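J.: build me a structure from this.
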Amino acid sequence: MRFLIKITSLIAVILTIQTVYAEKPSDFAVRLSREITSNGSGKTTYKIHWENTAKTIGIAVYKKEIGGSMWLPIGQIDSIGIKKGIDSWPVDSEPMEYMVQRIFLPSLPFAIATNIQYDTVRQMMATGYIVIGEDRRLPDSHGTIALVIDSLVAKDISSQIDRLEQDLKSEWWKVARIIVPRAEKFSGVSVLKTKNAIEQLYEQEKNALKAAFLIGHVAVPYSGLIRPDGHPDHLGAWPADAYYGDMDGVWTDISANDSVSASRQANKNIPGDGKFDQNTIPSNIEVAIGRVDFYDMPAFHDSNKQESLYDTEIALLKRYFDKNHSFRSGNSLSIPRRALIDDNFGSYSPEMFASSGWRLASICDKDSIRTGKALNILKDSSYMWFYGCGGGSYVSCSGVAVTTDFAKQPIKSVFTSLFGSYFGDWDNTNNIMRALVAADGQTLVCSWSARPHWYFHCMGLGYTVGDAFLASINNDGSSSMYYPNVYFTQSFPNGIVYQAGQRGVHVALIGDPSLRMAMGGIPQASKLSISQPGTFTQLKWQPASDPNVQYIVFRADSTGKSKLLTDIPLQSTTSFNDSSVVRGKYHYSVYSVKLRNSPSASYYDANGIPIEGEVAVTGITEQIPINNEFTLDCSPHPIVNYANFQLNLPCSSAISILVSDISGNEVVNIKLPIMSNGNQKFTWDLNDASGQRVPAGIYSVNAKGCGASVSHAVVVLGK
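T.: Coordinates of the predicted model:
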C-alpha cells in the first residue's frame, strides 16, 4: 500500500466542471482528535483518534517538528487492523505536528479529468492534521508586529489603535507603527513606499518582524495573470498583499500583458503599470500579512448616523476594533470550540472544497462540527469557526449570504472562511468577505479557502492565525507539505493531487494576523520587592487575582542581556531566590503565565506586561541558609523490579519526569500533579509509554519542577 505519495501532476480544476460524485467533502478530511488516558499510577498516554469508516483500507501516521519540513512515518495500519477497529495511534507528549492519511475505496466507479484524459479512480486518500503536545514552553515573546496604518484613518481611530497596541503589548508583542499613504485608486508608487517601510522595519528588527497588520485603505498590490476561480472574464492581476510579506523574492513588472480579458479594470495588467507579473509567490513569505479595510462599503451606510461613506468606513473600523478588544480581553475563552459548515457545492468537483471546513475538527471539541445555514444559526449562536461555500459574485456566496445580509444582522463566528467565484478578488465595492468581517457580532477574520485550501491546525498549540496564513500560502504545490486530497488512477498510480491556487499571489487574510483562539484572562501580580538577605537576591510579590496563574522570572544585567531563570513556571509560590548573581546592577521582571488547554494540546501563555524592579548587588552579607534546591535521588542501585525516586521540592509544583535511553530516545514521560514543597516520593514500574517493560540498560531520568530541572542516571537489570 502506498503511504508516501509522489505528486506526479497538479490539476487546476475550474468551477465549470459540473460532475457530481458519490463521495462527499467530509470523506476527504480525516477528522482527528486527541485522547488522553491515565492508568491510575500517574502514567499518562496520548493518542491520535480518528473515525473508522467502512471504505477505509489503510491508515498511515506521520509526524514532524513544528515548522519542520519533513514528515517521518511512525505507523501503518493495514486493512486487517482497520477491520479490527483500530482507530487511534500512540504519540509523544512533546509538541509535534501529525498527519494521518486514510486510503479508501470509491463508493461507485467514477472518472476524473486529468491533463491526459478522463481517468478511472481506483483509490483515494484523505488527510488530517493535528498538533499534539503538553506544556509547550512559552516563547520569549511573539516577536514584532507592524501596525501599517492608512494616514487618513490614523487620526480618526487613534484611540482604538492605542488600545490595540496596549493589548498587543500585554500579549508579549513588540509593536511598531508605520503610517503610510492612503490609496483610493491603485498606485504602484504607494505600494512601493509601503513595502519599503515594512522592509526597513524588518531589517531593523533583525528578522524579529513576524506580522504586519494593514489598517485602512493601505495601497493594494496587484499581481499576475490568474483566474483561480476559473472564469475567463476574471483573468488578470488580483490583489496580492503577500507581496508585503516577502522579504527576499523578486517581483517584476515587465511581462504580464492582458488588457482585454478581465471585465474589471483593476484586473487588467500590462507592462510598466505598477502591477506585478508573478502568478505565484517567488519565495516563501516571511511576514504574516493581515488587512482590515472597509473602504467603499455603501451597503453598511446609515444616512441617519453618517454623512459620508468615509464616516461609514470609520464607524466600521471602530466596531471591528471593539470586537477585537472584546475577544482578546477574555471573551475568547467563552466562545465554544466548534465549527459550522454551510456547504452549497457539495460533491460536484473532485477538489471537494468544503473539506477545508471538515479539517477544522482537530482544533474543535470532539464531534463539534455542525452543518446548517449560517444566517439562521450564527445570528444567535456563537461558533469559533465557520466555513461557507457556494457559487459567487463579488457580493454574494450562493446559499450562504449576500453582503446586505451581513450589513443587517450580527454574525457570531470569529474565524471564518468563504469560497466561491469572484469574491476572492476582495478589493471592490461591498465585497462579501470584507462585509463578513465588517458585520456586527464576533467575526474578526475571513479567508478564501479551497483554492488553495487553508490549514489552521497549528492554532491548537497557541499559534496565531497569521501563522496559519504562512503555512497555507507557503504550502508547495509540487511536493505538498499538506495534501488536500489524492486520487490514484490508472494513469497516475502513485497519486495525483487535485488542487488549484497553491502558493498563489491571491492568498489573503482579511483580519488581524495576531489573533489566537484563546486570549486574555491572565491578571498581573503586584508589589514586587527585591532584597539581599544573604548570598542571594530574593524576589517577593503579591499574587495575581487568579489562583491558577503561575510565574516566570527574567533577569537582565547592566548590558541589557536577558536570561530566563525559571525553565518551568513557578506554581503556588510568590517568591524566588536567585543565587547566581555577582556584584552589579540587575533588572528583574516577573510575568504572569497560564497553562492553556485546547482540544489538541496544552501550552503556556503570558501576560506580557511584567512587574519589574532593579537591585544593585553589593556582595556577601549575612549568610542565611535557604532551601532553594530541587534534588532527585533513586533507589535501589541497580534496579530490578521498580525504581523509587525521592524528590526534594523547594516549592509546590507540578512535576514532569522524562525517562530516556542511552541514545536519548524518549522512553516514557510522566506528568505528576501539583505536589507540596518538601520530600516527595514516586515509583516507576520500569514500563515504557506503551506499557512494555524496558530492556536492561542505562537510562537518564530528568525531572522538572519549581522552575528547575535535575537529572539522574539509573541502571536497569534484566529479570
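
J.: mean confidence score for the longest strand along the chain?
T.: When the chain is parsed with DSSP state E, its longest strand is strand 118-136. Mean per-residue pLDDT for strand 118-136: 92.

J.: in terms of secondary structure, what does it contact?
T.: Packing partners of strand 118-136 (3 or more Cβ pairs under 8 Å, 6 or more residues apart in numbering; DSSP states H and E): strand 33-38, strand 44-49, strand 96-104, strand 111-113, strand 486-489, strand 601-606. Backbone N, C-alpha and C define where each C-beta goes, glycine included.

J.: which residues belonging to it are considered buried?
T.: 119, 121, 123-136 (16 or more other Cβ atoms under 10 Å).

J.: and the spatially most central residue of the chain, helix, strand or coil?
T.: The chain has M459 as the residue nearest its centroid, 3.0 Å off, counting by Cα atoms, centre = their mean. What DSSP: H, G, I helix; E, B strand; the rest coil gives for M459 is helix.

J.: next: E199.
T.: Following three-state DSSP, E199 is assigned to helix.

J.: residues contacting it?
T.: M247 (Cβ atoms under 8 Å, 6 or more residues apart in numbering).

J.: and the helix ranked longest in the chain, which residues are buried?
T.: Criterion DSSP state H: the longest helix present in the chain is helix 309-328. Judged by neighbour count (16+ other Cβ under 10 Å), helix 309-328 contains these buried residues: 312-317, 319-321, 323-325, 327-328.

J.: would you mind giving the residues you listed as JSON lines with distance to F353 and pLDDT added?
T.: Converted to JSON lines, those look like this (distance: Cβ to Cβ, whole Å; pLDDT from 0 to 100):
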{"residue": "T312", "distance to F353": "32", "pLDDT": "98"}
{"residue": "E313", "distance to F353": "31", "pLDDT": "98"}
{"residue": "I314", "distance to F353": "35", "pLDDT": "98"}
{"residue": "A315", "distance to F353": "34", "pLDDT": "98"}
{"residue": "L316", "distance to F353": "29", "pLDDT": "98"}
{"residue": "L317", "distance to F353": "31", "pLDDT": "98"}
{"residue": "R319", "distance to F353": "30", "pLDDT": "98"}
{"residue": "Y320", "distance to F353": "27", "pLDDT": "98"}
{"residue": "F321", "distance to F353": "32", "pLDDT": "98"}
{"residue": "K323", "distance to F353": "27", "pLDDT": "98"}
{"residue": "N324", "distance to F353": "28", "pLDDT": "98"}
{"residue": "H325", "distance to F353": "33", "pLDDT": "98"}
{"residue": "F327", "distance to F353": "27", "pLDDT": "98"}
{"residue": "R328", "distance to F353": "30", "pLDDT": "97"}
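
J.: hang on, the earlier thing: dump the helices and strands packed on strand 118-136 into a markdown table; add mean pLDDT, mean neighbour count and distance to I552 as well.
T.: Putting these into a markdown table (pLDDT from 0 to 100; neighbours: other Cβ atoms under 10 Å; distance: least, Cβ to Cβ, whole Å) gives the following:
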| stretch | mean pLDDT | mean neighbour count | distance to I552 |
| --- | --- | --- | --- |
| strand 33-38 | 90 | 16 | 25 |
| strand 44-49 | 90 | 19 | 24 |
| strand 96-104 | 95 | 23 | 24 |
| strand 111-113 | 87 | 16 | 53 |
| strand 486-489 | 92 | 22 | 44 |
| strand 601-606 | 93 | 22 | 7 |
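
J.: possible to save these as a markdown table with distance to T537?
T.: Putting those into a markdown table (distance: least, Cβ to Cβ, whole Å) gives the following:
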| stretch | distance to T537 |
| --- | --- |
| strand 33-38 | 39 |
| strand 44-49 | 36 |
| strand 96-104 | 38 |
| strand 111-113 | 69 |
| strand 486-489 | 59 |
| strand 601-606 | 22 |
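
J.: for S159, find the nearest of the ones you listed.
T.: strand 601-606 (25.7 Å; Cβ to Cβ).

J.: other SSEs contacting the very next helix or strand once past the closest one?
T.: Next along the chain after strand 601-606, taking DSSP states H and E as the criterion, comes strand 611-617. Contacts defined by 3+ Cβ pairs under 8 Å, 6+ apart place strand 611-617 against strand 526-531, strand 537-542, strand 584-597.

J.: for G511, which of the ones you listed is the nearest?
T.: Closest of the helices and strands packed on strand 611-617 to G511 is strand 584-597, at 21.0 Å (criterion: Cβ to Cβ).

J.: within the sheet, what are the partner strands of the closest one, with directions?
T.: Taking DSSP bridges as the criterion, strand 584-597 forms sheet pairs with strand 550-556 (antiparallel), strand 601-606 (antiparallel), strand 611-617 (antiparallel).

J.: in the buried residues of strand 118-136, find the pair that's most separated.
T.: D119 and D135 (48.1 Å).

J.: using the three-state scheme, assign N577.
T.: Assignment for N577 (three-state DSSP): strand.

J.: and the gap between it and D567?
T.: 15 Å (Cβ to Cβ, to the nearest Å).

J.: so which of the two has more stuff around it?
T.: The neighbour comparison of N577 against D567 (other Cβ atoms under 10 Å) goes to N577, with 18 against 13.

J.: okay, and the beta partners of the more buried one?
T.: Q538.

J.: any idea how far it is from I179?
T.: Remark: distance between N577 and I179 (Cβ to Cβ) = 47 Å.

J.: out of the helices and strands packed on strand 118-136, which comes closest to V175?
T.: Of all these, strand 601-606 sits nearest to V175, with 15.7 Å by Cβ to Cβ.

J.: just give the number of residues close to F186.
T.: F186 has 19 neighbouring residues, counting by other Cβ under 10 Å.

J.: for it, what are its contacts?
T.: 219-220, 222, 266, 274-275.

J.: pull the most distant pair out of those residues.
T.: Farthest pair in the contacts of F186, by Cβ to Cβ: A219 and A266, 12.8 Å.

J.: what about the two, which has more around it?
T.: Per other Cβ under 10 Å, whichever of A219 and A266 has more neighbours is A219, with 25 against 18.

J.: wait, that one touches K185, no?
T.: No: in this structure A219 lies outside contact range of K185 using Cβ atoms under 8 Å: 9.6 Å.
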